[in-house]
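# Fold the following for me, if possible:
(one chain, ligands or ions: 2)
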Amino acid sequence: MFNPLSYFGKDIGVDLGTANILVYVKGRGIVINEPSISAINNKTNQILAVGEEAKKMLGRTPMHISVIRPLVKGVISDFEVAQEILRHMLRKISPSSSFLNFQKVIIGIPSNLTEVERKSAEDVVIAAGGNKAYLVEEPVAAALGANLPIEEATSNMIVDIGGGTTEIAIISMGGVVVSKSLKIAGDELTSDIVKFVKDEFKLIIGETTAEEIKINIGSVVPGGEKIEMSARGRDVSSGLPREIIIRGSHVRAALSKSVKSIVDSVREIIETAPPELVGDMLKHGIYLSGGGALLRGLDQLIEKETAVSTKIVEEPLTCVVRGIGSIIENYSKLKYILDNPLRPKEIIL
Ligand SMILES: Nc1ncnc2c1ncn2[C@@H]1O[C@H](COP(=O)(O)OP(=O)(O)OP(=O)(O)O)[C@@H](O)[C@H]1O
Ligand SMILES: [Mg+2]
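Ligands and ions are numbered 1, 2, ... in the order given. Below you'll find the model as predicted:
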């Protein structure tokens, strides 16, 4: 039985992503997995809905209501809303709505953040009810979540394709050795589909419809051309509703430029990495995590373009928070991998 009282004073892990927020509670596992979105009344500043409920309102709200994503490209852009979303989620799992109390809170952050952005992630956690905030770089958490042997003196490559950022990192001995953070990921792919449908079909579709198209029939390699689905939107010139049939080949064309940028960045990391790391990579392969890893054929395309075997981790959408969870469960053994400003700096491309 769900007993919120048992969470009092517990350690928790948070993956506050551009698209989704996940919370892990020590000894319990993942207890929250919802979109990081909030609906706000502009006139009163009152929060009307958070998470799943707010996502349903996307593109359907009257003028006085805004649906806000407080993270842009992996970075907190609206501190107040980010804090409210986290607070709301923690309230769901906390004994009293007026008093939130968690011991250690470990939050995942993209690599390459500025000091101000790191501080902002810490502050959000404290403001939302954590006693102490610790940061961990998301690629390290993803590698842990994928059960890669990150503590050994061998390197592993992880590519985490989220909503806002694609984090490409080579990890060795618990730290990031080389990394690149690309601001092209799942949300950009969704926007590519909105733009393509407008240009090719002269139809304006919403973000939710475009995301459904991407998830249902999106693919980056030829094959499955017969896959198609219908989509409804508003005709550009008449302004009236219209339905189209969109095919897998259309979506592939729509996504090609952004997908190429992702693949090129993976290649760039491989081409500039020190030779020892490249040798390890050939041995272990590349691991894809994050929701974008589920785009059909992306693993095959990366494998073809880099000549390195490429695998999708199990349950890519929960990989980062499961990694943070393993730090919480094995804190004394793994605390050294928490983001430590004293550690020698990685090579950032
Ligand atoms: N089956 C799928 N095929 C393609 N894309 C998918 C699929 N499922 C989810 N996505 C995309 O994955 C993205 C969300 O992934 P994820 O939850 O890992 O991001 P995030 O951690 O919130 O973002 P970030 O790490 O960039 O801050 C969304 O853009 C979503 O559309
Ligand atoms: Mg993420």
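# ok, Leu203 to Glu303 distance?
Distance of Leu203 to Glu303, computed by CB to CB, to the nearest Å: 35 Å. C-beta here means a position set from N, CA and C on the backbone, and glycine is covered the same way.
# Tell me the first helix or strand C-terminal of the helix or strand containing Leu86.
Counting by DSSP states H and E, the element that carries Leu86 is helix 79-92. Using DSSP H and E, the next helix or strand after helix 79-92 towards the C-terminus is strand 102-109.
# can you tell me if stretch 57-64 touches ligand 1.
No: using CB under 6 Å from any ligand atom, stretch 57-64 stays clear of ligand 1, coming no nearer than 12.3 Å.
# How about the secondary structure of Ile193?
At Ile193 the chain is in helix, as set by DSSP: H, G, I helix; E, B strand; the rest coil.
# quick one on the thing from earlier: okay, buried residues for the helix holding Leu86 please.
Val81, Ala82, Gln83, Glu84, Ile85, Leu86, Arg87, His88, Met89, Leu90, Arg91 (16 or more other CB atoms under 10 Å).
# what's the closest non-adjacent residue to the second one?
Leaving out its chain neighbours, the residue that sits closest to Ala82 by CB to CB, 6 or more residues apart in numbering is Pro70, at 3.9 Å.
# Now for the one you found, how many residues are close by?
23 (other CB atoms under 10 Å).
# what do you get for Asp235?
14.
# which residues sit in contact with the closest residue to it other than its chain neighbours?
For Asp235, ignoring the flanking residues on the chain, the nearest one in space by CB to CB, 6+ apart is Arg242 at 4.7 Å. Residues in contact with Arg242 (CB atoms under 8 Å, 6 or more residues apart in numbering) are Leu203, Arg232, Gly233, Arg234, Asp235.
# could I get the host helix or strand of Arg242 in CSV with only the CA atoms?
Secondary structure from DSSP H and E places Arg242 in strand 241-247. Extracted as CSV, the C-alpha positions of strand 241-247 are listed here (Å, rounded to 0.1, in the frame of the first residue of the first chain):
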residue,chain,number,x,y,z
PRO,A,241,-9.8,22.4,-40.5
ARG,A,242,-8.4,19.8,-42.8
GLU,A,243,-7.0,16.2,-42.6
ILE,A,244,-4.0,14.8,-44.3
ILE,A,245,-2.3,11.4,-44.6
ILE,A,246,1.4,11.6,-43.7
ARG,A,247,3.8,8.8,-44.5
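# Quick check, Ile302 in contact with Ile161.
No: between Ile302 and Ile161 there is no contact under CB atoms under 8 Å: 10.2 Å.
# so where's the stretch 51-200 of the chain shaky on pLDDT?
95-100 (pLDDT under 70).
# Thought Pro316 was touching Leu294, still the case?
Yes: contact criterion CB under 8 Å: Leu294 and Pro316 qualify, at 6.1 Å.
# which of these two has more neighbours?
Pro316 (22 against 17).
# Would you mind naming what in the stretch 51-200 of the chain lies close to ligand 1?
Leu71, Gly74, Gly162, Gly163, Gly164, Thr165, Ala185, Gly186, Asp187, Thr190.
# circling back to that earlier point, okay if I get the contacts of Arg242 as JSON lines plus secondary structure?
Output for the contacts of Arg242, formatted as JSON lines (three-state DSSP):
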{"residue": "Leu203", "secondary structure": "strand"}
{"residue": "Arg232", "secondary structure": "strand"}
{"residue": "Gly233", "secondary structure": "strand"}
{"residue": "Arg234", "secondary structure": "strand"}
{"residue": "Asp235", "secondary structure": "strand"}
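# Buried ones among these?
Looks like the contacts of Arg242 have Leu203, Gly233 buried, using 16+ other CB under 10 Å.
# right, and out of the contacts of Arg242, which lies closest to ligand 2?
Nearest to ligand 2 among the contacts of Arg242, counting by CB to the ion, is Gly233 at 28.8 Å.
# Please give me every residue in contact with the closest residue to the closest one other than its chain neighbours.
Distances taken as CB to CB, 6+ apart place Ile205 nearest to Gly233, at 3.8 Å, with adjacent residues excluded. Listed by CB under 8 Å, 6+ apart, the contact partners of Ile205 are Ile193, Val194, Val197, Lys198, Ile213, Ala231, Arg232, Gly233.
# Okay then, goodbye and thanks.
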